[in-house]
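> coordinates only, sequence not included:
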């Protein structure tokens, strides 16, 4: 474009004006244009196993194939979520209240951090 400095998108290989790119290097380290970045983010979200597992669980609950159970830690009935220990088994969940679900994720993050050391 005339009057604008151009930059080549590494994904679509088009020469585009700089305003078509996100400036934040943390958000866009690969230097791809906004359109390609949105497409990549949409694809990543749509096909991730955790998102698919949550969607399958929600459908099963709505259809009545599964019924929410009390928290396996404290027995609370209200505000219970299904925790997926394995995203390859979307209907195999551990029922946890929000507090114990959050604690489980903290525990898993600590285990992951320890395994990286």
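Perfect, I can see it now. Small disclaimer: the values here were computed from a predicted structure and weren't measured.

> Please count neighbours and contacts with C-alpha atoms only from this point.
Fine.

> what about the strands in this structure?
6-8, 15-17, 80-83, 94-97 (DSSP state E).

> Deepest in the core, which of those is it.
Neighbour counts (mean count of other CA atoms under 10 Å) averaged over each of the strands of the chain peak at strand 94-97, with a mean of 23.

> re the thing from before, let's have the strands of the chain in JSON lines, adding mean pLDDT.
Listed next are those as JSON lines, based on pLDDT from 0 to 100:
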{"stretch": "strand 6-8", "mean pLDDT": "81"}
{"stretch": "strand 15-17", "mean pLDDT": "82"}
{"stretch": "strand 80-83", "mean pLDDT": "96"}
{"stretch": "strand 94-97", "mean pLDDT": "97"}
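
> Let me know which of the ones you listed is the nearest to residue 73.
Closest to residue 73 of the strands of the chain is strand 94-97 (CA to CA; 6.8 Å).

> Other residues contacting that closest one?
Strand 94-97 is contacted from outside by 68-74, 76-85, using CA atoms under 8 Å, 6 or more residues apart in numbering.

> Just the buried residues of the residues you listed.
Buried members of the contacts of strand 94-97, counted by 16 or more other CA atoms under 10 Å: 68, 69, 70, 71, 80, 81, 82, 83, 84.

> Closest one of these to residue 33?
Using CA to CA, the buried ones among the contacts of strand 94-97 come closest to residue 33 at residue 84, 34.7 Å.

> just to revisit the earlier point, take the strands of the chain and lay them out in JSON lines including distance to residue 113.
Listed next are the strands of the chain as JSON lines, based on distance: least, CA to CA, whole Å:
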{"stretch": "strand 6-8", "distance to residue 113": "38"}
{"stretch": "strand 15-17", "distance to residue 113": "41"}
{"stretch": "strand 80-83", "distance to residue 113": "20"}
{"stretch": "strand 94-97", "distance to residue 113": "23"}
